[in-house]
Structures are given as C-alpha cells and as structure tokens.
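Q: coordinates only, no sequence provided:
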Ligand SMILES: [Fe+2]
C-alpha cells in the first residue's frame, strides 16, 4: 500500500499521526474504487448471452456511482492535507488483489466472478469502518455511506446467482474462475 508522505497540515482537532493513518485507509479504498469502476466497465463490454442487455445496462449506474466514490475519497485525502494517488501504475503497484481474470464470458460467469470481487471490496471497507471508529468519524461516515451502496450493488449481482430457496450458486468458491464456473452451471 502506498505510504502517504508526511502531512504539512491536517483538519483542526486531528493529530498528524491519526491523519496519516486515515489517509492510508482512504488511499486503499481509492485504489479499490478505481479498480472496481474499471473492472465493472470491462464486464459491461464483455458480457455475452441471452441476458446481455439487462446485465450490460445494470452495470453502468454501478460504474458511475463507484467513480463518484473515488472522487469523494481522493478529495477527502486532499482535505486532510494528503496527496491522493490516482495513476494506474501506482494503483497496480499498491493493490493487494489480482487483476480481474475473465474476458468475454456469459452474463452468469461474470456475475459469479463479480460476487467475489464485491466480497473482497466490501470486507475491506468494513475493516476500515471498524478502525475509523477510533480515528475519524467523518471519514467513517463516508465509508459507511459507500458501503451501503456497494452492498446494494452486491445484492443486485447476487440476486442473479440465487435459486428460489435462497442458495447462491457461488457458495464456497474461493477464486473468480471457480465462482464463474459454478455460476455458469446454475
Ligand atoms: Fe457502454
């Protein structure tokens, strides 16, 4: 993860040490949001099959919302006296997850893989929310609002993977490929 350079100033009432940690948490979510909106657009372009149009069109509002999250996170970093890092090379250097692995594939396969993508992103947001409890409730509020939206989008994905008994076809899958294969059979 990119370590923030020393802050020259921060918001009133916050210690420099706390601000530096908050900036690091924000940068991690900025990387995740930038990666996610690009990945969602990639899926938007690569889905095929009989449910193409509904999935293709479902994804664009998610792309727009997640791009908005990135903007809010980056501007919060600047507000705290930090310098947001938004270039692609630095994102790839800093990220702790693998590149999205599917190219052209059926809607079900992509939705299965996206179930795992959202699981990763949301789990890290929730870890951030817990840590921010002690550090900065203002940034925590932003994380909570974004998590609520991400969990809603995750449900949109999962509703396609669910049978009428409420079972997800991707349960137990630990990689995008496995999740895509499980969802493709469903
Ligand atoms: Fe498009």
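A: Everything's here; your move. Source: prediction; values computed, not measured.
Q: residue contacts, residue 184?
A: 105-106, 108-109, 112 (Cβ atoms under 8 Å, 6 or more residues apart in numbering). From N, CA and C alone the C-beta is placed, and that goes for glycine too.
Q: which residues touch residue 116?
A: Counted by Cβ under 8 Å, 6+ apart, residue 116 has contacts 170, 173, 175-176, 179.
Q: repeat that for 10 Å
A: 97, 100-101, 157, 170, 173-180 (Cβ atoms under 10 Å, 6 or more residues apart in numbering).
Q: quick check: the most centrally placed residue in the chain vs residue 31, distance?
A: Most central in the chain under Cα atoms, centre = their mean is residue 121, positioned 4.1 Å from the mean C-alpha point. Applying Cβ to Cβ, to the nearest Å, the value for residue 121 to residue 31 is 10 Å.
Q: over to residue 104?
A: Separation of residue 104 from residue 31 (Cβ to Cβ): 26 Å.
Q: more crowded one of the two?
A: A side-by-side neighbour count of residue 104 and residue 31, using other Cβ atoms under 10 Å, places residue 31 first with 25 against 10.
Q: I figured that one hits residue 94, correct?
A: Yes: the pair residue 31 / residue 94 is scored as a contact, 5.5 Å apart, by Cβ atoms under 10 Å.
Q: pLDDT of the lengthiest helix in the chain, averaged?
A: The residue-count maximum for a helix in the chain (DSSP state H) belongs to helix 16-46. Helix 16-46 comes out with an average pLDDT of 98.
Q: and what of stretch 91-111?
A: Mean pLDDT, computed over stretch 91-111, is 96.
Q: endpoint to endpoint, that stretch covers what distance?
A: Stretch 91-111 stretches 24 Å from its first residue to its last (Cα to Cα, to the nearest Å).
Q: got the buried residues for that stretch?
A: 91, 100, 102, 105-111 (16 or more other Cβ atoms under 10 Å).
Q: among the residues you listed, which are in helices?
A: 91, 107-111.
Q: quick one: the strands in the chain, in order.
A: Taking DSSP state E to define them, one finds strands in the chain at 47-48, 105-106.
Q: where exactly do the helices run in the protein?
A: Going by DSSP H, the chain shows helices at 16-46, 52-79, 88-94, 107-135, 137-158, 176-185.
Q: packing partners of the longest one?
A: Helix 16-46 makes packing contacts with helix 52-79, helix 88-94, helix 107-135, helix 137-158 when contacts are defined by 3 or more Cβ pairs under 10 Å, 6 or more residues apart in numbering; DSSP states H and E.
Q: try 6 Å
A: Packing partners of helix 16-46 (3 or more Cβ pairs under 6 Å, 6 or more residues apart in numbering; DSSP states H and E): helix 52-79, helix 88-94, helix 107-135.
Q: quick one, the last one and helix 52-79 angle?
A: With axes from the mean of the first three to the mean of the last three Cα atoms, to 10 degrees as the basis, helix 107-135 and helix 52-79 are set at 20 degrees to each other.
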